[in-house]
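# Can you look at this prediction? I've put the sequence above it.
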Amino acid sequence: MTATRTSAPTAPKATAPAITAEGLRKSYGDKLVLDGIDLNIAEGTVFALLGPNGAGKTTTVEILSTLIDADAGEVQVAGCHLTRAADAVRSAIGVTGQFSAVDNLLTAEENLLLMADLHHLDRREGKRRAKNLLRRFDLAEVAGRTAHTFSGGMRRKLDLAMTLVGDPRIIFLDEPTTGLDPRSRRTMWEIIRGLVADDGVTIFLTTQYLEEADQLADRIAVLDHGRLIAEGTAEELKQRIPGGHIRVRFADAQSLETAAGIFGIAARDEESLTLQIPSDGSIPNLRAVLDALEATAVQAESLTVHTPDLDDVFLTLTGQSRPADAVDSPKENA
Ligand SMILES: Nc1ncnc2c1ncn2[C@@H]1O[C@H](COP(=O)(O)OP(=O)(O)OP(=O)(O)O)[C@@H](O)[C@H]1O
């Protein structure tokens, strides 16, 4: 992964679950989409659901946000039973889906005021919240412009601001940055981090961008063929798969030959004069490699540490192979 994290994801602060699900099942006709999903998402955390196209991510969001019914399963959202207390669930959540709720014919402010009306806020309170949100999302200057003049990034911010008018405790973000350029994506990430850090909301995020999950999520689950096939922090998931190594480059073939003699199972590339030594990327492991090289007085030209990234995890777990160009692209952390 080439991008560096701009700030660490928020550590789980609270243990009270914002969302729990047991045995969630859903079929469309004879197509089984969810085959017994269990979830336990702590309040004030970011949970990312990853999965290939068609894995059932949107279906999961639609069920948890009361838009569609599951065939089976017990779900609690914000401490309320999903079906027996659906109204209470709805008043505790906000949903920003793949299809924008923004009305292109209205101004940014009018869109927000419309949401305030839908939440039965009085006019004064609606105006106050709209103003605050426009300022917070850096949209104050364009408050009076109709949304059809907005860029994708501005529209996405307005969409999220509209979700926040109802002051939700839990926010479902279904692919919140799909189609945004890197700068707009990072702006959205900062906003999402702020929602968790400043407001203590819980975020349930689906994304196709593994970097996004890596950057934002406290916990990540991988959905494939209707089941959660892995769950953990980004680091835990990365540790589950092999592929970490240290790559050492030497000045000449003789040094490479000597070094290869000490690291029995290291892969050797004569052309680039490099050895690839399996490693978990830990400091003790790195020190052991350096000590071994020093003991033989072989001079290494350069050394890079490669740790598996979430792409490796995802592709390994879902049984897909990495495209050839991606395999060859360097992902080392010097
Ligand atoms: N209303 C529906 N009727 C029939 N099949 C559906 C319906 N909605 C979704 N599906 C099917 O359920 C499966 C899961 O769809 P879903 O949209 O939840 O996947 P997803 O993981 O969100 O995919 P993507 O990343 O492409 O958005 C797909 O095979 C889809 O075709």
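That came through, no problem.
# okay, now the residue of the stretch 151-300 of the chain found nearest the ligand: neighbour count?
Residue nearest to the ligand within the stretch 151-300 of the chain: residue 208 (5.9 Å; C-beta to the nearest ligand atom). Where you see a C-beta, it was placed from the backbone N, CA and C, and this is true even at glycine. By the measure other C-beta atoms under 10 Å, the count of residues near residue 208 is 15.
# Do I have it right that it meets residue 178?
Yes: contact between residue 208 and residue 178 holds when scored by C-beta atoms under 8 Å: they sit 6.8 Å apart.
# Provide a list of residues in contact with the residue of the stretch 151-300 of the chain closest to the ligand.
Going by C-beta atoms under 8 Å, 6 or more residues apart in numbering, residue 208 touches 50, 53, 175, 178.
# again with residue 290
residue 303.
# quick one on the thing from earlier: mind pulling the model confidence for the residue of the stretch 151-300 of the chain closest to the ligand?
Looking at residue 208, its pLDDT stands at 79.
# what's the distance between it and residue 55?
To residue 55, residue 208 is 10 Å away according to C-beta to C-beta, to the nearest Å.
# Can you give me the buried ones in stretch 310-321?
Using 16 or more other C-beta atoms under 10 Å as the test for burial, stretch 310-321 gives 310-318.
# Return the subset of these lying in helices.
310-317 (DSSP state H).
# Only the buried subset of the contacts of residue 208, as a PyMOL command please.
Only the buried entries of the contacts of residue 208 go into this PyMOL selection, using 16+ other C-beta under 10 Å:
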select buried, resi 50+175
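# which residues touch the spatially most central residue of the chain?
Centroid-nearest residue in the chain: residue 213, 1.8 Å away (criterion: C-alpha atoms, centre = their mean). Listed by C-beta under 8 Å, 6+ apart, the contact partners of residue 213 are 48, 50, 205, 207, 220, 234, 310.
# sorry, back to before: pLDDT and distance to residue 80 added to the buried residues of stretch 310-321, as JSON lines?
As requested, those are exported to JSON lines (pLDDT from 0 to 100; distance: C-beta to C-beta, whole Å):
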{"residue": "310", "pLDDT": "73", "distance to residue 80": "32"}
{"residue": "311", "pLDDT": "74", "distance to residue 80": "37"}
{"residue": "312", "pLDDT": "75", "distance to residue 80": "39"}
{"residue": "313", "pLDDT": "78", "distance to residue 80": "34"}
{"residue": "314", "pLDDT": "78", "distance to residue 80": "33"}
{"residue": "315", "pLDDT": "77", "distance to residue 80": "37"}
{"residue": "316", "pLDDT": "79", "distance to residue 80": "37"}
{"residue": "317", "pLDDT": "79", "distance to residue 80": "32"}
{"residue": "318", "pLDDT": "77", "distance to residue 80": "33"}
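# Identify, from the residues you listed, the entry nearest to the ligand.
Distance ranking of the buried residues of stretch 310-321 against the ligand, using C-beta to the nearest ligand atom, places residue 318 first at 11.6 Å.
# For the closest one, which residues are in contact?
Residues near residue 318 by C-beta under 8 Å, 6+ apart: 51-52, 222, 224, 229.
# What backbone torsions are found at the closest residue to residue 293 other than its chain neighbours?
In this structure, residue 293 finds its nearest non-sequential neighbour in residue 300, 5.7 Å apart by C-beta to C-beta, 6 or more residues apart in numbering. Main-chain torsions, residue 300, degrees, to the nearest 10: phi -90, psi 140.
# And residue 300, what's its pLDDT?
On the pLDDT scale, residue 300 gets 89.
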